[in-house]
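**Student:** just the structure for this:
(one chain, ligands or ions: 1)
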Amino acid sequence: QAWDLKGKVSDMEGKIRNYQTKVRSVNEENELLKGSVAQSRNRLSDLEREVESQKSKIWSEMFSLGFEAKSLNNFTSIQSMFVLSSCSGYEVELQALCGVREDLKHMTSEKNFVIIFPLCRVVFTCVSELMFLFVLQGNIRVFCRVRPLVDGGLSSHIQLAPSDNKSITLAKTEESHTGKSADTHKNYHFSFDQVFGPHASQQQIFEEISLLVQSALDGYNVCCFAYGQTGSGKTYTMEGEEFDDSRGVIPRAVQQIFRAGEKLESQGWEFNFTASFVEIYNETLRDLLYTGKPSKRPEHEIRKSNNEVTVTNLTYKQVCSEGQVLDLIALAKQNRSTAQTAQNDRSSRSHSVFQLQIEGANAGRDVRCKSTLCLVDLAGSERMVKSQSQGERFKEMTSINSSLSNLGIVITSLANKESHVPYRNSKLTYLLQGCLGGNSKTLMFVNISPEPDSFGETLNSLRFASKVNDCVIGTASSNKK
Ligand SMILES: Nc1ncnc2c1ncn2[C@@H]1O[C@H](COP(=O)(O)OP(=O)(O)OP(=O)(O)O)[C@@H](O)[C@H]1O
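**Tutor:** Presented below is the predicted three-dimensional model:
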C-alpha cells in the first residue's frame with residue numbers, strides 16, 4: 001500500500017512539474033503577447049497621430065480652398081455642398097474621411113451645391129463652417145484681362161505678379177522736368193478675383209466662368225459684362241472670333257447651356273429658352289434681332305411688371321438649339337454693322353445686351369426654375385476729350401459716361417443696401433435690373449489695353465473695377481420652386 005501511495009505521489013509530482021512548465025511557458029507567451037500588445041498600441045497611436053495630421057492637412061487644404069474659392073462664393077447655395085478639387089494627393093484620405101461620391105449626378109440635383117476647381121479629381125462633402133464661409137461672401141466678382149500688345153507681350157508699365165494671378169500693378173515713371181531731381185516712380189496696385197495676362201486663352205477665361213453660366217440653369221439670374229476703353233478687348237472677350245479657339249464667352253456659354261440642358265433632360269427636366277439681343281445707343285434701344293423693313297423699325301420701351309423686366313416690341317425668339325442661337329448672334333452682328341456703316345464705329349459707343357431666358361420644369365420632382373443669363377458688351381469707357389466732343393459725338397459720350405457711371409452707382413447702392421437703387425436712371429441698368437439685384441450673380445470683366453498711352457484710361461478702368469470688386473451685394477438665391 002505504501003509503495004502504491006509513493007507511486008501516486010511521484011505521478012502527482014510529475015504532473016505538477018508538467019503544469020509548472022506549462023504555466024511558465026504560458027507566462028512567457030503572456031509576456032511576449034504583452035510586448036506585442038504594447039507594440040501594437042504604440043503603432044496604433046502612431047497611426048492615430050498620422051490620421052490626425054492627415055485630417056488637419058485636409059482641413060487646412062479645404063479651408064485654403066475655401067479662402068481660395070472665396071470669390072466663388074457667388075455660386076453658393078446652402079444644403080449640402082460638394083467640392084471637386086485638384087488636391088489629388090489627398091484622394092485616399094478624403095475618401096476615407098468624407099466618403100467620395102462618384103456619382104456626379106448628385107452634383108446637379110437641386111439640393112447640392114457644386115464648386116468645381118479646374119482639375120477635377122476629388123469630390124467631398126463639406127462641413128458647415130466652410131459653407132458658412134461661402135455664404136458670408138457677396139455675389140459680385142471681377143476679372144481683369146490684359147490685352148496683348150499688337151505684336152504680342154506686355155509693356156513694362158503693366159506688371160503681373162508671377163506668383164499670383166490676382167494682382168496687377170501699374171507703374172508710372174515721371175521724368176524730372178528740370179533734369180535736376182531724380183525721376184519719380186509711382187506704383188498703383190490692384191487686386192481682383194482673377195487677373196488674366198496677355199497670354200490667357202479664351203478657353204482659360206471660359207473655364208473660370210463656366211460655373212457661373214451653369215448656375216443659370218439652376219435658376220440663378222446671371223449677368224456678365226465687359227467694361228473697358230475702346231479697343232481693350234471687350235468684344236474679343238464676350239464674342240471672340242469665329243474660329244473654335246478664339247470663340248468668346250457668349251458662344252461658349254450658349255454651347256454649355258444647351259449641352260448641360262440636354263443632360264438634365266435625361267433626369268426629367270424640360271427647358272424652354274428665349275433669346276433676345278438689344279443695343280443701347282444714346283439711351284435708345286435697338287432690336288438687334290429685327291428682320292423687318294428698316295423704315296418700319298419700332299420704338300422700344302422698358303417695362304417692369306411682376307418683378308419682370310420686358311422690352312416692348314422686342315424680338316423674343318424661342319430657341320431650342322445652340323445652332324439657332326448662334327444664327328441669332330450672327331444676325332445681331334450683321335444688324336450692328338449695318339448701323340455702323342451709317343455712323344462710323346458705332347459699336348464702340350453702344351452697349352450690346354444678349355439675354356437668354358431659361359425656364360425649366362421637372363414634373364417628376366415638382367420643381368420649376370426661371371432665370372436669365374445676361375451677357376453684356378459695354379460701350380468704351382474712355383473719358384470725353386473736350387476738343388473732340390461736339391455735336392453727335394458729345395451726345396454719345398455724355399450718354400455713355402452717364403450710363404456707365406450709373407452702373408457703378410447702382411452696384412454701390414446695392415452694396416450699401418440703400419433703400420432706393422437708381423436702376424431707372426439709365427436704360428442699361430433698367431434693362432439689367434433683374435440680373436443686377438442682390439439675388440443674382442454678377443461677373444465683371446475689366447479689359448485693359450497694354451499700350452503706354454492708354455495709362456490714364458487703364459488706371460480709370462482699374463479704379464472703377466476695384467470699387468465694384470469691393471462691393472458685397474448679398475447672397476445669390478435661385479429662382480427654383
Ligand atoms: N486677348 C486678346 N488676344 C488677342 N487679340 C485680342 C485680345 N483682346 C483683343 N484683341 C484684339 O484687339 C482688337 C480690339 O479688341 P476689341 O474689338 O475686342 O476691343 P473692344 O474693347 O471691344 O473695342 P470696342 O469698344 O471698339 O468694341 C481686336 O482686333 C481684337 O481681335
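**Student:** okay, buried residues for stretch 236-251 please.
**Tutor:** 236, 237, 238, 239, 240, 247, 248, 249, 250, 251 (16 or more other CB atoms under 10 Å). Where C-beta positions appear, they are placed from N, C-alpha and C, glycine not excepted.
**Student:** and that stretch, how far out from the chain's middle?
**Tutor:** 18 Å (CA atoms, centre = their mean, to the nearest Å).
**Student:** how much space between the one residue sitting closest to the centre of the chain and residue 237?
**Tutor:** For the chain, residue 209 is the residue whose C-alpha lies nearest the centre (CA atoms, centre = their mean; 4.4 Å). The gap separating residue 209 from residue 237 is 10 Å, by CB to CB, to the nearest Å.
**Student:** contacting residues around the residue nearest to the centre of the chain?
**Tutor:** 143, 224, 249, 253, 443 (CB atoms under 8 Å, 6 or more residues apart in numbering).
**Student:** what is the neighbour count of residue 37?
**Tutor:** When counting by other CB atoms under 10 Å, one arrives at 10 neighbours for residue 37.
**Student:** check which helix or strand covers it.
**Tutor:** Element membership of residue 37, judged by DSSP states H and E, is helix 2-68.
**Student:** which elements pack onto that helix?
**Tutor:** When contacts are defined as 3 or more CB pairs under 8 Å, 6 or more residues apart in numbering; DSSP states H and E, helix 2-68 packs onto strand 80-85, helix 91-98, helix 128-136.
**Student:** which parts of this structure sit against the ligand?
**Tutor:** Counting by CB under 6 Å from any ligand atom, the chain comes close to the ligand at 147-148, 228, 230-236, 347-348, 380, 447.
**Student:** can you flag the buried ones in the contacts of residue 209?
**Tutor:** By neighbour count, with 16+ other CB under 10 Å, the contacts of residue 209 hold 143, 224, 249, 253, 443 as buried.
**Student:** so where's the stretch 351-481 of the chain uncertain?
**Tutor:** 384-393, 437-439, 471-481 (pLDDT under 70).
**Student:** which element is the residue in it that the ligand sits nearest to on?
**Tutor:** Relative to the ligand, the nearest point of the stretch 351-481 of the chain is residue 380 (4.0 Å; CB to the nearest ligand atom). Residue 380 belongs to no helix or strand when elements are defined using DSSP H and E.
**Student:** I figured it hits residue 396, correct?
**Tutor:** No: counting by CB atoms under 8 Å, residue 380 sits too far from residue 396 to count as a contact (10.0 Å).
**Student:** what sits in contact with each of these two?
**Tutor:** With CB under 8 Å, 6+ apart, residue 380 and residue 396 have common neighbours residue 349.
**Student:** quick one: contacts for residue 261?
**Tutor:** 217, 269, 271, 273, 360 are the contacts of residue 261 under CB under 8 Å, 6+ apart.
**Student:** hmm, which two among those are most spread apart?
**Tutor:** The distance between the two most remote of the contacts of residue 261 (CB to CB) is 12.4 Å, for 269 and 273.
**Student:** give me the neighbour count for the residue in the stretch 51-200 of the chain that the ligand sits nearest to.
**Tutor:** Using CB to the nearest ligand atom, the single residue of the stretch 51-200 of the chain nearest to the ligand is residue 147, 4.0 Å away. Other residues within reach of residue 147, judged by other CB under 10 Å, total 21.
**Student:** which one is it nearest to, not counting chain neighbours?
**Tutor:** Nearest residue to residue 147, sequence neighbours excluded (CB to CB, 6 or more residues apart in numbering): residue 233, at 3.9 Å.
**Student:** measure that neighbour to residue 461 for me?
**Tutor:** Applying CB to CB to residue 233 and residue 461 gives a distance of 11 Å.
**Student:** what residues are shared contacts of the two?
**Tutor:** residue 447.
**Student:** grab the nearest non-local neighbour of residue 224.
**Tutor:** Closest to residue 224 by CB to CB, 6+ apart is residue 443, at 4.5 Å.
**Student:** please identify the helix or strand for residue 148.
**Tutor:** Counting by DSSP H and E, residue 148 is part of no helix or strand.
**Student:** hang on, it packs against residue 196?
**Tutor:** No: when contacts are counted by CB under 8 Å, residue 148 is not listed as touching residue 196 (10.9 Å).
**Student:** in terms of neighbours, single out the busier of those two.
**Tutor:** Counting neighbours by other CB under 10 Å for residue 148 and for residue 196 shows that residue 196 has the greater number, 22 against 15.
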